[in-house]
Each structure stands twice: as structure tokens, then as C-alpha cells.
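Undergrad: heads up, no residue letters with this:
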């Protein structure tokens with residue numbers, strides 16, 4: 001393809017040209033940060049989601065590349081992150097059973113300022129690979145909250161409360177849902193999103209993030 005000649009696919013970790021978007025050398029390099037766990041929260045009364053998939057620790061090269069992706073206009077790294085998700089056969093098989101995928105939304109003015117929602121880009125790629133529907137612009141952020149990273153755990157819960165809305169609940173009802181975000185810290189944001197999804201009638205929710213802090 002002409003586009004591949006102009007913008008050749010590269011490994012998002014080392015930057016070398018690689019059609020798979022992550023080279024073997026870097027696959028080995030990032031292995032020390034792998035978690036690759038599927039945790040069950042179905043009996044946890046404080047969680048509105050049912051499962052959480054933990055892929056990587058938010059450390060060193062993983063942390064650096066996520067920061068590059070989010071804040072340094074390196075949207076192409078989304079290709080590498082998507083490949084990092086699906087390369088684990090157990091996790092890939094687990095995700096295949098879900099009906100739709102959503103992503104944690106940004107407040108409109110912040111998305112316009114950045115030019116893209118990093119979670120939306122990866123969710124779109126995952127939807128195509130998994131063969132499931134991407135629910136775009138259904139889960140929306142209606143309050144311009146303070147930055148979660150600047151707050152304590154308790155402050156984060158209060159800050160994010162009531163910040164999200166489901167526009168089309170009929171598309172959520174009785175669905176098994178993947179909710180994607182880039183980083184999991186305290187889980188306040190994805191839990192609040194899950195709360196709204198469950199209120200809309202979601203059957204089961206799995207939280208999928210690239211890294212866990």
C-alpha cells in the first residue's frame with residue numbers, strides 16, 4: 001500500500017520498521033512488565049463492573065509510551081497498544097465473547113484540544129479485530145471534572161460522580177460490554193462509567209486497560 005510506503009508501520013516501543021507494530025526484541029523487553037490477569041469482581045459490592053483485565057504495570061517503558069501516546073501527538077502508537085492486547089490468546093478468547101466495546105469518553109473541549117481520544121482509537125481497532133460493534137458517542141462525559149491524577153482516592157470518587165451519561169440506553173440493554181481505558185489507577189472513573197452502564201441495563205462488563213498503576 002502507498003500509505004505504508006509514506007508512513008511505514010513501526011514498532012511503537014523502539015521505533016524500528018515492523019509490519020506487526022511491535023518487534024520480537026521489544027516483545028521480550030516488555031515481558032517483565034506483563035500482568036496478564038483476568039480478575040473477577042462479581043461478588044464485590046463496591047464494583048459495578050464484573051471483570052477486569054490487567055495487561056501491564058504502569059512502569060518505565062510502558063508508562064513512557066502511554067504518555068507519548070496521550071500527550072505528545074503520537075497517535076500511531078495505538079496500533080502497537082492494540083497488538084499488545086490481542087497477542088495473549090487467553091485474553092483474546094475471553095474478549096471474543098462480548099457483544100460491544102465502549103471507551104471512557106473525554107469532555108468535548110478537551111477532545112477538540114488534543115485532536116483525538118486515545119481510548120477511542122484503540123477501542124476502534126479492537127472492535128475490528130474482535131469482530132464486535134464499537135458503541136461510539138453513546139457513553140458521554142457531561143461534566144468538565146478536575147484532573148483525576150491531581151486528586152486523592154476519595155476526592156476522585158466525588159470528582160467523577162455524575163460526570164457520565166448514556167445517550168442510547170436501548171443499545172446497552174442486555175449486552176455484554178468491554179469498557180476500554182488506557183490506564184487503571186484507583187478505578188473511580190471506570191466504576192462510575194460501569195454504574196451508568198448497569199443502570200442502562202448492561203448484562204456484564206469487563207474493564208480492559210493497557211496498564212495498571
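TA: Nice, I can see it. Just so we're clear, the structure is a prediction, and the values are computed from it rather than from any experiment.

Undergrad: Sketch out the low-pLDDT regions of this protein for me.
TA: 1-7 (pLDDT under 70).

Undergrad: let's see it at 50
TA: Applying pLDDT under 50 to the chain flags residues 1-5.

Undergrad: how far away is the most centrally placed residue in it from residue 19?
TA: Nearest to the geometric centre of the chain sits residue 181, at 2.5 Å (Cα atoms, centre = their mean). As judged by Cβ to Cβ, to the nearest Å, residue 181 and residue 19 stand 28 Å apart. (C-beta placed from N, C-alpha, C; glycine too.)

Undergrad: can you list contacts of the host helix or strand of residue 179?
TA: Element membership for residue 179, per DSSP states H and E: strand 176-184. Strand 176-184 is contacted from outside by 49, 52, 54, 58, 66, 69-70, 81, 95, 97-104, 118-119, 122-123, 126, 132, 189-190, 193-194, 197, 202-213, using Cβ atoms under 8 Å, 6 or more residues apart in numbering.

Undergrad: for the next helix or strand after that strand, which positions count as buried?
TA: Proceeding N to C from strand 176-184, the next assigned helix or strand is helix 188-199, under DSSP H and E. For helix 188-199, the buried set under the neighbour-count rule, 16 or more other Cβ atoms under 10 Å, comprises 188, 189, 190, 191, 192, 193, 194, 195, 196, 197, 198.

Undergrad: What is the burial count for residue 116?
TA: When neighbours are defined as other Cβ atoms under 10 Å, residue 116 has 15 of them.

Undergrad: Which residue is the nearest non-sequential neighbour of it?
TA: Nearest non-adjacent residue to residue 116, counting by Cβ to Cβ, 6 or more residues apart in numbering: residue 75, 5.7 Å away.

Undergrad: which residues touch the one you found?
TA: Neighbouring residues of residue 75 by Cβ under 8 Å, 6+ apart: 69, 115, 116, 118, 121.

Undergrad: who wins for most neighbours among the residues you listed?
TA: residue 118 (25 neighbours).

Undergrad: Could you measure from that residue over to residue 58?
TA: From residue 118 to residue 58 the distance is 14 Å (Cβ to Cβ).

Undergrad: before we move on, what about residue 120?
TA: Applying Cβ to Cβ to residue 120 and residue 58 gives a distance of 20 Å.

Undergrad: Which of these two has more residues huddled nearby?
TA: residue 120 (20 against 17).

Undergrad: all strands of the protein, in order?
TA: 34-40, 51-57, 100-103, 133-134, 139-141, 164-166, 176-184, 204-212 (DSSP state E).

Undergrad: next one: the shortest one to chain centre, how far?
TA: Taking Cα atoms, centre = their mean, to the nearest Å, one finds strand 133-134 lying 14 Å from the centre of the chain it belongs to.

Undergrad: do the same with the first one
TA: For strand 34-40, the distance from its own C-alpha centre to the chain's C-alpha centre is 15 Å (Cα atoms, centre = their mean).

Undergrad: Adjacent strands (with direction) for that strand?
TA: Next to strand 34-40 in the sheet, as set by DSSP bridges, lie strand 51-57 (antiparallel).

Undergrad: can you give me the angle the strand it pairs with makes with strand 176-184?
TA: Orientation of strand 51-57 against strand 176-184 (axes from the mean of the first three to the mean of the last three Cα atoms, to 10 degrees) gives an angle of 30 degrees.

Undergrad: what's the distance between strand 51-57 and the middle of its chain?
TA: So, by Cα atoms, centre = their mean, the centroid of strand 51-57 is 10 Å from its chain's centroid.
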